[in-house]
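Trainee: How does the following fold in three dimensions:
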Amino acid sequence: MIIKDPKAEIKIDQSLVQNLVATQFPTLANLPVTFLDAGWDNENYRLGDKYIIRLPRRKIAIDLLANEIKWLPKLQKKLPIAIPAPVFVGQPDSTYPWQWTIIPWVDGQSANLEILADSAALQLVNFLKILHHESAENAPINLTRGISLLDKADGLKERMTRLKGKTDLITGKIENLFAQALATPFPPKPYLLHGDLHPRNIIASKGKLTAIIDWGDITSGDVATDLASLWMLFDKKTVRQEALNVYGASPELIQRTIGWAIFFGVILLDTGLVSNEQHAEIGTFTLKNLNQE
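Mentor: Numbers count the residues shown, from 1 in each chain. Down below sits the predicted model:
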């Protein structure tokens, strides 16, 4: 079964957003509101020069936004790359039924649109070393991220089979690497994770990383989930290897990380070919890099 990007469950438009801001935060009412983009879970609007408004577009995103509201203020001062902790939290009213947030604007663009410096890989792993060693006590439960890849194997293999009819990127090497990842023992200790660290959730400018965004999937589990972003961002094998050395990744962790990179690459390419060109491009880039291993 082909899965498209999920449809919005609620109508959100510029007029609604302007009215929400004017009603709940009148000191911001004179700032212009313009549509930015829509992800699977949230719609985003620019508010003046300093802010972004995030509004869930599906019920499933309500708890994800609540995770950001709870966790990001705790983490923002500890991490070496900016994270968009909410500045204002909007409440449900008669025109919109869920919480929504206003977060800081960060200059740059999503990392898949930026030519990254090799040093950005070290930026990323130094960020993750700190994040992964923050206390994961009471971290949100996420049934899809940070878990054993064995729980994802059947669904992913179905997607891989489908992609073989559309692309030459699902090679014997990819299948062997995924089998090795499945055979690697799951780590006994969970750590705090971002959980959804693909390039569209990373902001970059002038080759450097400027922000890590979209923290709704924050959870605890296998850090390989986050480290997989190295294959989604950097096409030089030597750059990835150096970054993993700086992180202190064991051979077993690297095998699981490659498995998670395959997972993200396949998902993004499979769904992207149906309805999202940027996702397809990221998936293609990732799988090309994995075929270098």
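Trainee: for the one helix or strand residue 73 maps to, packing partners?
Mentor: Following DSSP states H and E, one finds residue 73 within helix 61-75. Here helix 61-75 touches strand 51-56, strand 100-104, going by 3 or more C-beta pairs under 8 Å, 6 or more residues apart in numbering; DSSP states H and E. For glycine as for every other residue, the C-beta is placed from the backbone atoms N, C-alpha and C.
Trainee: hey, which helix is longest across the protein?
Mentor: helix 251-275 (DSSP state H).
Trainee: Now do the buried residues in that one.
Mentor: Neighbour-count burial for helix 251-275, counted by 16 or more other C-beta atoms under 10 Å, picks out 253-273.
Trainee: re the thing from before, next, the angle from the helix holding residue 73 to strand 100-104.
Mentor: 40 degrees (axes from the mean of the first three to the mean of the last three C-alpha atoms, to 10 degrees).
Trainee: Using PDB, write out every CA atom in helix 61-75.
Mentor: Output of helix 61-75 as PDB, limited to C-alpha atoms (Å, rounded to 0.1, in the frame of the first residue of the first chain):
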ATOM      1  CA  ALA A  61       0.100  16.300  16.500                       C
ATOM      2  CA  ILE A  62      -1.500  17.700  19.600                       C
ATOM      3  CA  ASP A  63       0.600  15.600  22.000                       C
ATOM      4  CA  LEU A  64       3.700  16.200  19.800                       C
ATOM      5  CA  LEU A  65       3.300  20.000  20.200                       C
ATOM      6  CA  ALA A  66       2.800  19.500  23.900                       C
ATOM      7  CA  ASN A  67       6.200  17.700  24.000                       C
ATOM      8  CA  GLU A  68       7.800  20.800  22.600                       C
ATOM      9  CA  ILE A  69       6.100  23.000  25.100                       C
ATOM     10  CA  LYS A  70       7.300  20.900  28.000                       C
ATOM     11  CA  TRP A  71      10.800  19.900  26.900                       C
ATOM     12  CA  LEU A  72      12.300  22.600  24.800                       C
ATOM     13  CA  PRO A  73      12.500  25.300  27.600                       C
ATOM     14  CA  LYS A  74      14.500  22.700  29.700                       C
ATOM     15  CA  LEU A  75      17.000  22.000  26.900                       C
END
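Trainee: any idea how far it is from the chain center?
Mentor: 14 Å (C-alpha atoms, centre = their mean, to the nearest Å).
Trainee: Buried residues, the first helix or strand past that helix going along the chain. List them.
Mentor: The C-terminal neighbour of helix 61-75 among helices and strands, as given by DSSP H and E, is strand 88-90. Across strand 88-90, burial judged by 16+ other C-beta under 10 Å covers 88-90.
Trainee: Give me the distance between the two termini of stretch 70-80.
Mentor: End-to-end distance of stretch 70-80 (C-alpha to C-alpha, to the nearest Å): 19 Å.
Trainee: Repeat that for stretch 88-97.
Mentor: Note: stretch 88-97 ends 17 Å apart using C-alpha to C-alpha.
Trainee: Buried residues in that stretch, which are they?
Mentor: 88-90, 96.
Trainee: do the same with stretch 181-201
Mentor: Across stretch 181-201, burial judged by 16+ other C-beta under 10 Å covers 181-182, 184, 187, 190-201.
Trainee: tell me the mean pLDDT for it?
Mentor: Mean pLDDT, computed over stretch 181-201, is 96.
Trainee: Extract the residue ranges of this structure that are flagged as low pLDDT.
Mentor: 1-5 (pLDDT under 70).
Trainee: That one: helices as residue ranges?
Mentor: 14-24, 61-75, 119-132, 153-164, 172-183, 224-227, 229-233, 237-247, 251-275, 277-290.
Trainee: Just list what the last one packs against, helices and strands only.
Mentor: Where contact means 3+ C-beta pairs under 8 Å, 6+ apart, helix 277-290 is packed against helix 172-183, helix 229-233, helix 251-275.
Trainee: Mind exporting the C-alpha coordinates of it to CSV?
Mentor: Taking C-alpha atoms only, helix 277-290 is exported to CSV below (Å, rounded to 0.1, in the frame of the first residue of the first chain):
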residue,chain,number,x,y,z
GLU,A,277,9.6,16.1,-4.2
GLN,A,278,11.9,17.3,-1.4
HIS,A,279,11.4,14.0,0.5
ALA,A,280,12.2,12.1,-2.6
GLU,A,281,15.4,14.0,-3.1
ILE,A,282,16.5,13.5,0.5
GLY,A,283,15.7,9.7,0.2
THR,A,284,17.7,9.5,-3.0
PHE,A,285,20.6,11.3,-1.5
THR,A,286,20.6,9.1,1.6
LEU,A,287,20.5,5.8,-0.3
LYS,A,288,23.2,6.9,-2.6
ASN,A,289,25.4,7.6,0.4
LEU,A,290,24.6,4.3,1.9
